[in-house]
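Visitor: the following comprises the amino acid sequence and a computationally predicted model.
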Amino acid sequence: MYRIISTEKKPIKLWLLDADKGTLEQAQNLANHPCAFGHIALMPDSHVGYGMPIGGILATQNAIIPNAVGVDIGCGMCSLKTSLTEIGRSSLISILLSIKSIIPRGKGWHKHAQEDWLSANQQKELQGTIVEMEYQNSLRQLGTLGGGNHFIEIQKGSDGYIWIMIHSGSRNLGKTVAEIYNHKAIDLNQKYNQAIPKKWQLDYLPLNSEASQIYLKEMQACVDFAFLNRKTMMKRVKEAFLYHFAGRKQIFFSNFINIPHNYAALETHFGQEVWVHRKGATKASKGQAGIIPGSQGTKSYIVEGLGNAESFESCSHGAGRKMGRREAKRKLNLNEEIDFMNAQGIIHEMTSTRDLDEACSAYKDIDQVMSNQKDLVKIVLEMIPLAVVKG
């Protein structure tokens, strides 16, 4: 259940008990924003982001806020089930080596362009946009993992089957679109003397402006690209499985579950049409399938949305950070983190202090996160990590 802060112009509804000072300050800025509708919702994984907390939900009626969508537009999760019920350590290692050889990670791109991901009509509609200018680069980024907290993970589900889960986004395409339109919002707000303090980092594009209408098209293109990026990587991970077991086992794969967690969408809430900005938050309409990952050494979950109106039908997008990246590298003990992963038999890539920003101890307790949102989702499956590839 949530608690309410009622000291600002709009209420803040929180599904977490341990919000830090920075997260609360950003939530208060949202609650005092002239374009905010209804209330602000903070999910149990919330932590500080650029302008708006990651794990936050903001609804507006007359504006779009680029920083309330975020820099990795369309970032999200995908997952599917294999027909395998067991997989040995040597097979996991072999498959991971194949994955690393065919899927670039971090800042890596493919050497050659991949398949076109925009139709001729879409390319025509996006003439003169950032997406058009970045399109040729994006063709080499399609099917790449990215860095930070992005991952490919092989898991054992509580249903007894082996699963594949991927977390990735729109790569440099989404980042470029986000940054350019945030600057456009800053310029517009300065031009018309909108009362948005600079330190809030919440400048907006009026919905009736040409810039907002073009941004919405570009944002959707980035969401589409991020989806195809995940889909392409999943296809190649499946190929790695099939190649490894060729001639020994016949493998089948379930339908593809996909859910983004960085975007804005026009929806109806409390009887009004509003633009719901989900920044590190997952849609959880009644009956909707969702994915909530933990850290690389903890459980992840396949969930079903309960359609809670108070959260704008949303839930967390993961465990959420409890330490910043620099703080984690400074405070955490590398050997302890490696020992924790090894004790569970997880095949991982944590080898040096530079990897500590993605250590399990840098994240919140996923069990507590799930407990805090029992009124938002119900757990369908628990997924235990077996092997992980980090971005």
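Guide: Cool, got the structure.

Visitor: so what pLDDT did residue 189 get?
Guide: Turning to residue 189, the model gives it a pLDDT of 89.

Visitor: what is the least confident helix or strand in this protein?
Guide: Across the helices and strands of the chain, mean confidence by mean pLDDT, DSSP states H and E is lowest for helix 120-125: a mean of 89.

Visitor: from residue 340, how far out is residue 281?
Guide: Here the distance between residue 281 and residue 340 works out to 28 Å (C-beta to C-beta, to the nearest Å). Backbone N, C-alpha and C define where each C-beta goes, glycine included.

Visitor: between these two, which one's more packed in?
Guide: The residue with more neighbours, out of residue 281 and residue 340 and counting by other C-beta atoms under 10 Å, is residue 281; that gives 29 against 17.

Visitor: isn't that one right up against residue 315?
Guide: Yes - shown here, residue 281 and residue 315 form a contact pair, counting by C-beta atoms under 8 Å, at 7.1 Å.

Visitor: shared neighbours of those two, anything?
Guide: residue 43 (C-beta atoms under 8 Å, 6 or more residues apart in numbering).

Visitor: show me where the stretch 101-250 of the chain has helices.
Guide: Assigned by DSSP state H, counting those that start in this stretch, the helices in the stretch 101-250 of the chain fall at 120-125, 130-141, 171-191, 210-245.

Visitor: as TSV, the ones you listed with mean neighbour count would be great.
Guide: Below are the helices of the stretch 101-250 of the chain laid out as TSV (neighbours: other C-beta atoms under 10 Å):
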stretch	mean neighbour count
helix 120-125	12
helix 130-141	19
helix 171-191	20
helix 210-245	20
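
Visitor: mind listing what's buried in the top strand by length along the chain?
Guide: When the chain is parsed with DSSP state E, its longest strand is strand 377-390. Burial within strand 377-390, assessed by neighbour count using 16 or more other C-beta atoms under 10 Å, is assigned to 377, 381, 382, 383, 384, 385, 386, 387, 388, 389, 390.

Visitor: before we move on, what about stretch 251-270?
Guide: Applying a neighbour-count criterion of 16+ other C-beta under 10 Å, the buried positions in stretch 251-270 are 253, 257, 258, 259, 260, 261, 262, 263, 264.

Visitor: what sits up against stretch 139-147?
Guide: Applying C-beta under 8 Å, 6+ apart, the external contacts of stretch 139-147 come out as 72, 103-117, 151-152, 166, 168-169, 171-173, 225, 228-229, 232-233, 236, 389, 391.

Visitor: now with 7 Å?
Guide: For stretch 139-147, the surrounding residues in contact (C-beta atoms under 7 Å, 6 or more residues apart in numbering) are 103-110, 113-115, 117, 152, 168-169, 171-173, 228-229, 232-233, 236, 391.

Visitor: and for stretch 222-234?
Guide: Stretch 222-234 is touched from outside by 73-76, 78, 80, 103, 114, 117, 138, 142-143, 145, 152, 164, 166, 168-171, 173-174, 177, 256, 258, 260, 263, with contacts defined as C-beta under 7 Å, 6+ apart.

Visitor: swap the cut-off to 8 Å and go again
Guide: If you take C-beta under 8 Å, 6+ apart as the criterion, stretch 222-234 is touched by 72-78, 80, 103, 114-115, 117, 131, 138, 141-145, 152, 164, 166, 168-171, 173-174, 177, 256, 258, 260, 263.

Visitor: now intersect those with the strands, please.
Guide: The subset of these located in strands under the criterion DSSP E comprises 76, 77, 78, 80, 152, 164, 166, 168, 258, 260, 263.

Visitor: OK, contacts around the fifth one?
Guide: For residue 152, the contacting residues are 99, 103, 145, 164, 165, 166, 233, 237, 388, 389, by C-beta under 8 Å, 6+ apart.

Visitor: tell me the secondary structure of residue 94, please.
Guide: Secondary structure, DSSP: H, G, I helix; E, B strand; the rest coil: residue 94 is helix.

Visitor: shouldn't it be in contact with residue 245?
Guide: No - under the criterion of C-beta under 8 Å, residue 94 lies out of contact with residue 245, with a separation of 9.8 Å.

Visitor: ok, what's across the strand from the nearest residue to residue 265 once chain neighbours are set aside?
Guide: In this structure, residue 265 finds its nearest non-sequential neighbour in residue 276, 5.6 Å apart by C-beta to C-beta, 6 or more residues apart in numbering. For residue 276, the beta-bridge partners are residue 59, residue 265 (DSSP bridges).
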